[in-house]
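Enquirer: Here you go, sequence then predicted model.
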Amino acid sequence: MTRSRLYRSGVLEREDFPATEAAHHLADPSVTLWLDFDAPTAGDLAALTTELGLHPLAVASVLDEDHQRPKLVRYDRHSFLAAYTVHVTDGVLTASELDAFITDRVLITVHRDNTTDIDALTARWDTTPELAKSGAAFLLHGLLDYLVDGHLDAVQALDEQVEALEDLVFADRVDHTDLQRRSLRLRRSLSRLRHLAVPMREIVAALMRRDDTLLPYFQDVYDHVLRVTEWTESLRELIATIRETQLSIQGNRLNTIMKKVTSWAAIIAVPTAITGFYGQNIPYPGFGQTSGVWVSTLAILVISATLYALFKRRDWL
């Protein structure tokens with residue numbers, strides 16, 4: 001399925017016309033076009049490759065299903081953009097590649113399996129119709145704004161997951177295995193988002209130097225990119241801190257348990273030792289007499305009570 005738009009002198013004039021009409025419309029120098037392809041074949045791009053002079057390497061990158069690093073490459077007759085849309089579900093980040101061919105009057109976007117919300121992208125353009133006179137730069141700004149805002153939404157969703165993880169660390173009853181699993185899942189998602197967001201700084205910075213008309217608008221996108229990267233870095237550090245805190249709390253709880261077990265073992269050892277002494281088969285003071293029973297019982301009670309009070313005072317029990 002192909003989506004398309006035609007702007008004439010900055011005014012939206014037509015939508016969803018066949019891509020085969022692109023060359024005809026471009027005969028008018030006041031026309032700017034946007035074409036969108038979902039999972040195109042080599043044949044779908046062949047005509048445009050000839051008409052717009054698309055570089056074979058760029059076309060091959062689009063047709064290759066291997067994911068590539070976000071980048072902006074300049075060729076003789078156009079630029080090529082590789083970027084990613086992202087979405088977070090239950091702390092798991094999913095990313096979908098979106099490629100674009102950019103000329104002065106044409107923007108061609110390519111994605112796969114309807115992974116891009118095209119309606120959200122076109123709505124982004126419709127909110128700033130006054131910028132449409134800037135041609136393809138206007139379309140490119142809307143595309144980047146859509147992509148970067150998606151990154152911002154993703155890092156915000158991950159931030160909420162990290163906050164929930166913080167509260168879980170200090171809960172009375174914690175499933176440590178689940179906590180570790182969620183921590184690693186969030187850290188993996190943040191690392192993935194960082195790998196996608198950091199190159200966007202270079203991409204937007206390069207476009208800022210290229211287009212002076214929309215410089216303030218590209219600057220706004222650049223500020224959002226910086227916010228995403230800095231926010232992602234802080235969350236990755238926070239995940240590491242949460243993990244260290246969890247291990248520290250586990251260690252403290254283990255120490256408390258060990259102190260209690262050791263204290264009770266010491267108290268229990270008192271009657272064991274005394275009754276063991278009085279159980280010898282040799283004469284001793286009180287042997288075979290009632291007084292021996294009372295002395296041993298009294299010793300057990302006094303020593304055990306003394307140890308209990310001592311351990312209680314030291315907060316071992």
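Expert: Now that the structure is in, tell me what you want to look at.
Enquirer: Who is H111 paired with across the strands?
Expert: For H111, the beta-bridge partners under DSSP bridges are D38.
Enquirer: Where does pLDDT dip in the stretch 51-200 of the chain?
Expert: Along the stretch 51-200 of the chain, segments meeting pLDDT under 70 span 115.
Enquirer: Show me where it has its strands.
Expert: Per DSSP state E, counting those that start in this stretch, the stretch 51-200 of the chain carries strands over the ranges 71-74, 79-89, 92-102, 106-111.
Enquirer: Those into TSV, with extra columns for mean neighbour count and distance to L35?
Expert: No exception for glycine: its C-beta is placed from N, CA and C like everyone else's. Below are the strands of the stretch 51-200 of the chain laid out as TSV (neighbours: other C-beta atoms under 10 Å; distance: least, C-beta to C-beta, whole Å):
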stretch	mean neighbour count	distance to L35
strand 71-74	15	19
strand 79-89	20	14
strand 92-102	21	9
strand 106-111	23	5
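Enquirer: among the ones you listed, which is nearest D38?
Expert: Across the strands of the stretch 51-200 of the chain, D38 has its closest neighbour in strand 106-111 (6.0 Å, C-beta to C-beta).
Enquirer: For that closest one, name the packing helices and strands.
Expert: If contacts are counted by 3 or more C-beta pairs under 8 Å, 6 or more residues apart in numbering; DSSP states H and E, strand 106-111 sits against strand 31-38, helix 42-52, strand 92-102, helix 136-169.
Enquirer: again, 6 Å this time
Expert: Contact partners of strand 106-111 among helices and strands, from 3 or more C-beta pairs under 6 Å, 6 or more residues apart in numbering; DSSP states H and E: strand 31-38, strand 92-102, helix 136-169.
Enquirer: highest average neighbour count across these?
Expert: Mean neighbour count (mean count of other C-beta atoms under 10 Å) peaks for strand 31-38 among the helices and strands packed on strand 106-111, with a mean of 22.
Enquirer: Quick one: work out the angle between that one and helix 136-169.
Expert: 40 degrees (axes from the mean of the first three to the mean of the last three C-alpha atoms, to 10 degrees).
Enquirer: Now do strand 31-38: everything it contacts.
Expert: With C-beta atoms under 6 Å, 6 or more residues apart in numbering as the test, strand 31-38 has contacts from 1-8, 19, 22, 25, 105-110, 114, 135-136, 139.
Enquirer: Serialize the helices and strands packed on strand 106-111 to CSV and add fields for distance to R201.
Expert: Shown next, in CSV, are the helices and strands packed on strand 106-111 (distance: least, C-beta to C-beta, whole Å):
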stretch, distance to R201
strand 31-38, 25
strand 92-102, 17
helix 136-169, 10
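Enquirer: who wins for proximity to T49 among these?
Expert: Across these, T49 has its closest neighbour in strand 92-102 (9.4 Å, C-beta to C-beta).
Enquirer: and the closest one, how far from the chain's centre?
Expert: Taking C-alpha atoms, centre = their mean, to the nearest Å, the mean C-alpha location of strand 92-102 is offset from the chain mean by 15 Å.
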